[in-house]
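*Asks:* Got a sequence here, can you model it:
(chains A and B)
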Amino acid sequence: MYKDLNPVLHSQLRLAIMSFLIANKESEFNQLKEITQATSGNLSVQLKKLEEVAYIVIEKGYKDNYPHTAVKITEVGIKAFEEYVEALKKYIL
Amino acid sequence: MEEHFSPQQSLALITQVIQQAKQKVEQDDTVYMFWGLLITVAALGQYFMLQIPDLKAVSFLPYLLMPVGSVFTWRYYSKKANSNNLLQTTLKKVWTVLSINIYILGFALFGVLGANLMPVMLLLLGMGFLITAWTIQSAPLQFGGLFINLVGLAAFFVPLYLQPLCMAVAGFIGGFVVGCYLRYQKTQKSYV
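*Replies:* Now for the predicted structure:
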């Protein structure tokens, strides 16, 4: 229907994740969960999809002895998001 | 949240999430409450010490609470969720520069500024609040900044021994009360 819009980004949860990362550069898994109000399972699936297209990188490790998952936006992700917003303008303006 | 949606809804979602990212900065109510109380306590401490002739010379001592506050703030932010929000990074730098200048004025250049020391410190503090308020578009912080700024200007006309009271009022209303209001606002907001 909206063929100019990147299908990876034109999904509410993935777009919410990318929008937050555009503003923050990086985030923690729990912070994204809080912002999107998504379940852990759904969020993990969508993060995996974004990682597969190299829009984000997921770094797992430990912080203060607790498991810690950091999610960072990549240059490819930033470019894709910018292109998505440009494409969006065609439908709105 | 999986279904596809219209471009208008898409734009609204982007705007909403980015706005939430901004509000994350505003939601640091604990820091405003903490600093508001700390400034109030230190200023009232100095005011009462100025009333006692033997303690006049060391009436600056309550302000040693400020470096303690800085350590608390540093620990507070280092424990918080890791997010490199560009706004947060910029504001952190602004507050670091302002704090260093306030410390230098208060602990090293107090002799140069004399009776103008406290008003100038209040103006710097108010400026920090206003820059933060305008960056994240926060009305409560803007009120706090304007209030501290006005008290700072008024303090130029207040006798030296009463100036700590100006500092206490500015800290309590501009910092603590504003922080309490931000906390109240946070409980009223809901996420996506």
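
*Asks:* what ranges do the strands span in chain A?
*Replies:* For chain A, the strands defined by DSSP state E occupy A:26-28, A:56-63, A:66-73.

*Asks:* out of these, deepest packed?
*Replies:* Mean neighbours per residue, mean count of other CB atoms under 10 Å in any protein chain shown, is largest over the strands of chain A for strand A:26-28, with a mean of 20. Glycine gets a C-beta too; all of them are placed from N, C-alpha and C.

*Asks:* Who does that strand pair with, and is each partner parallel or antiparallel?
*Replies:* Note on strand A:26-28: by DSSP bridges, its sheet partners are strand A:66-73 (antiparallel).

*Asks:* mind checking how far the partner strand is from the chain centre?
*Replies:* Distance of strand A:66-73 from the chain centroid (CA atoms, centre = their mean, to the nearest Å) equals 13 Å.

*Asks:* B:Phe129: which of the strands of chain A is closest?
*Replies:* Across these, B:Phe129 has its closest neighbour in strand A:26-28 (26.7 Å, CB to CB).

*Asks:* Where does the prediction get shaky in the chain?
*Replies:* Because you didn't say which chain, this covers chain A. A:1-3, A:93 (pLDDT under 70).

*Asks:* My question was about chain B, not that one.
*Replies:* Residues of chain B meeting the criterion pLDDT under 70: B:1-4, B:22-27, B:80-86, B:188-192.

*Asks:* Mind doing that once more with 90?
*Replies:* Across chain B, the ranges flagged by pLDDT under 90 are B:1-31, B:49-93, B:106-115, B:134-138, B:160-161, B:182-192.

*Asks:* Would you mind measuring from B:Leu122 to B:Ala139?
*Replies:* Distance of B:Leu122 to B:Ala139, given as CB to CB, to the nearest Å: 21 Å.

*Asks:* which residues of chain A fall in helices?
*Replies:* A:12-24, A:29-36, A:40-52, A:75-92 (DSSP state H).
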